[in-house]
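Q: using only what follows, build the 3D model:
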Amino acid sequence: METITGTVSDFSPEFESAIAQYRHKIFIERLGWQLPVENGMERDQFDRPDTLYVIARNGNGAICGCARLLPTTRPYLLGDIFPNLLVGMPVPCDNQTWELSRFAVADIDAESVSQSEATRNTRALLAASIKSAAEHGACRLITVSPLGIERLLQRMGVHAHRAGPPVLVDGKPVFACWIEIDQQTMSALDIDTNAPAPIAH
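A: Residues are numbered from 1 along each chain as shown. I've put the predicted structure just below:
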């Protein structure tokens, strides 16, 4: 698995459409999320020209993972749609806090993926996402996450903690989660801060 990062201007129109189609398959078809759909593609108001994407591709070049990074100084998912997850606390709005959303790792074309490989791929995409956010000045991430993500981050050794208690959304418990971009997280994910992130062309 390889990861690439960039904005829509770094991607071809075909690749950007493939990202939206992949998100539709994962978040709508598999997970049943209630999200905007157009022609089998999932996009929303936070998919802007300045939005930063981190995309994973398998050995055949097909998308097998995605993540979206948004600065909290502009509109973002938690701040605009789920501020109630912070239980009255002000929503983050500063250059050092970014939001991680639309995070998924699943090889749709693979017949089967072992648990160890799935964990390894998830870890790799998370590391690439955190590295990209840090390169843009982020010191911490905020996410809207299902409870399973909390357990996954803990197993990986990432410095993550709740920003508020779980709340039912579409019948499923989700919560706002901080991910600190500090030495603990960087070490847990073996992030090399000196290596440049790959860019799609």
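
Q: hey, let's count contacts and neighbours off CA atoms from now on
A: Noted.

Q: what comes into contact with the lowest-mean-pLDDT helix or strand in the chain?
A: For the chain, scoring each helix and strand by mean pLDDT, DSSP states H and E identifies strand 37-38 as the least confident one, at a mean of 80. Outside of strand 37-38, the residues within contact range by C-alpha atoms under 8 Å, 6 or more residues apart in numbering are 24, 43.

Q: ok, 10 Å please
A: By C-alpha atoms under 10 Å, 6 or more residues apart in numbering, the list of residues contacting strand 37-38 from outside reads 20-21, 24, 28, 43-44.

Q: check contacts around Tyr22.
A: Taking C-alpha under 10 Å, 6+ apart as the criterion, Tyr22 is in contact with 16, 28-29, 40-42, 62-66, 104, 106-108.

Q: report the buried residues of the top helix by length along the chain.
A: Scanning the chain for the helix with the most residues, using DSSP state H, yields helix 115-135. Neighbour-count burial for helix 115-135 flags 121-134 (criterion: 16 or more other C-alpha atoms under 10 Å).

Q: neighbouring strands for the helix or strand following it, and are they parallel or not?
A: Downstream of helix 115-135, the first helix or strand assigned by DSSP states H and E is strand 140-146. Strand 140-146 sits in its sheet next to strand 97-105 (parallel), strand 172-180 (antiparallel), going by DSSP bridges.

Q: which of those strands is buried the deepest?
A: Among those, strand 97-105 has the highest mean neighbour count (mean count of other C-alpha atoms under 10 Å), at a mean of 23.

Q: rounded mean pLDDT for it, please.
A: For strand 97-105, mean pLDDT rounds to 96.

Q: how about CSV for the strands paired with strand 140-146, with distance to Glu117 added?
A: What follows is those, written out as CSV (distance: least, C-alpha to C-alpha, whole Å):
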stretch, distance to Glu117
strand 97-105, 11
strand 172-180, 23
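
Q: among those, which is nearest Val54?
A: Proximity to Val54, assessed across those by C-alpha to C-alpha, is greatest for strand 97-105 (9.1 Å).

Q: run the chain-centre distance for the closest one.
A: 2 Å (C-alpha atoms, centre = their mean, to the nearest Å).

Q: any idea of the angle that strand forms with helix 115-135?
A: Computed by axes from the mean of the first three to the mean of the last three C-alpha atoms, to 10 degrees, the angle separating strand 97-105 from helix 115-135 equals 160 degrees.

Q: give the other helices and strands that the one helix or strand Arg68 maps to contacts.
A: Using DSSP H and E, the element containing Arg68 is strand 63-71. Helices and strands touching strand 63-71, by 3 or more C-alpha pairs under 10 Å, 6 or more residues apart in numbering; DSSP states H and E, are strand 2-6, helix 13-23, strand 52-57, strand 97-105, helix 115-135, strand 140-146.
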